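Engineer: no sequence on this one, just coordinates:
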């Protein structure tokens, strides 16, 4: 499958077949997508809660009641559900942990290179923390980059998915103790395989024309 075929095949699944489960092998690939998504200055300001059990899915689905019941079955009928969370703060200890992991993984050939990269990352983190004052929002934007990687990659793996924000995030915060862990819920992605009668699967894609959204200079 080409990357453009994966884009055209992907759609927001409205109805999952609860009898069809994602294999461990494919889930390992999905976890790789989550781990290796790009983020600004490789800050990786995220954490993922993956519900693979009925109990786990029900805990996430609790956030759809009341008021968002139209999303309940998209969670409970899916094979797996990912709750994507963003870090609410990025402190020096966390940045050091990223830096040392990069060093361990062989990204730095000299101490000077390591120090230079650390200085660049610190500059941008402090820019959003101290100058712009929007660090939680900046971190959430990195999580949406991750979600894009997840959705496209899932399609390439033949897995159906739907991203959702239609739920009570306070319920998710309470259910998983996110604030106490320095995390904030950003979105939920359900993964699995569509039902044969999922109306959205057969509908043609609709996007604005190229000339309306692109300017080549």
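Structural biologist: Everything's here; your move. In this text, all values refer to a predicted model and were calculated from it rather than measured experimentally.
Engineer: how long is stretch 58-71 end to end?
Structural biologist: 12 Å (CA to CA, to the nearest Å).
Engineer: tell me how far that stretch lies from the chain's centre.
Structural biologist: 19 Å (CA atoms, centre = their mean, to the nearest Å).
Engineer: what's next to it, contact-wise?
Structural biologist: 49, 51, 72, 75-76, 81, 83, 164, 166-169, 171-172, 175-176, 188 (CB atoms under 8 Å, 6 or more residues apart in numbering). Backbone N, C-alpha and C define where each C-beta goes, glycine included.
Engineer: helices along this protein, start to end?
Structural biologist: Assigned by DSSP state H, the helices in the chain fall at 3-9, 24-35, 54-61, 72-76, 92-104, 111-126, 135-156, 169-176, 199-202, 210-213.
Engineer: dump those helices to JSON lines, plus mean neighbour count.
Structural biologist: Output for the helices of the chain, formatted as JSON lines (neighbours: other CB atoms under 10 Å):
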{"stretch": "helix 3-9", "mean neighbour count": "12"}
{"stretch": "helix 24-35", "mean neighbour count": "14"}
{"stretch": "helix 54-61", "mean neighbour count": "18"}
{"stretch": "helix 72-76", "mean neighbour count": "20"}
{"stretch": "helix 92-104", "mean neighbour count": "13"}
{"stretch": "helix 111-126", "mean neighbour count": "14"}
{"stretch": "helix 135-156", "mean neighbour count": "19"}
{"stretch": "helix 169-176", "mean neighbour count": "17"}
{"stretch": "helix 199-202", "mean neighbour count": "12"}
{"stretch": "helix 210-213", "mean neighbour count": "8"}
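Engineer: redo those helices as CSV? Include mean pLDDT.
Structural biologist: CSV is the format used below for the helices of the chain (pLDDT from 0 to 100):
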stretch, mean pLDDT
helix 3-9, 96
helix 24-35, 98
helix 54-61, 98
helix 72-76, 98
helix 92-104, 98
helix 111-126, 98
helix 135-156, 98
helix 169-176, 98
helix 199-202, 95
helix 210-213, 98
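Engineer: dump the ones you listed into a markdown table; add distance to residue 183 as well.
Structural biologist: Formatted as a markdown table, the helices of the chain follow (distance: least, CB to CB, whole Å):
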| stretch | distance to residue 183 |
| --- | --- |
| helix 3-9 | 30 |
| helix 24-35 | 15 |
| helix 54-61 | 14 |
| helix 72-76 | 19 |
| helix 92-104 | 12 |
| helix 111-126 | 17 |
| helix 135-156 | 10 |
| helix 169-176 | 8 |
| helix 199-202 | 31 |
| helix 210-213 | 34 |
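Engineer: now for these, which one comes closest to residue 44?
Structural biologist: Nearest to residue 44 among the helices of the chain is helix 92-104 (6.5 Å), distances taken as CB to CB.
Engineer: just the angle for that closest one relative to helix 111-126, thanks.
Structural biologist: 140 degrees (axes from the mean of the first three to the mean of the last three CA atoms, to 10 degrees).
Engineer: for the residue nearest the centre of the chain, give its distance to residue 46.
Structural biologist: Taking CA atoms, centre = their mean, the centroid of the chain lies closest to residue 147, which sits 3.3 Å from it. From residue 147 across to residue 46, the span is 10 Å (CB to CB, to the nearest Å).
Engineer: circling back: of the helices of the chain, which is nearest residue 41?
Structural biologist: Closest among those, once you apply CB to CB, is helix 111-126, at 4.3 Å.
Engineer: for the nearest residue to residue 9 once chain neighbours are set aside, give me its contacts.
Structural biologist: Among residues not flanking residue 9 along the chain, residue 155 sits closest, at 5.3 Å (CB to CB, 6 or more residues apart in numbering). Going by CB under 8 Å, 6+ apart, residue 155 touches 6-7, 9-10, 161.
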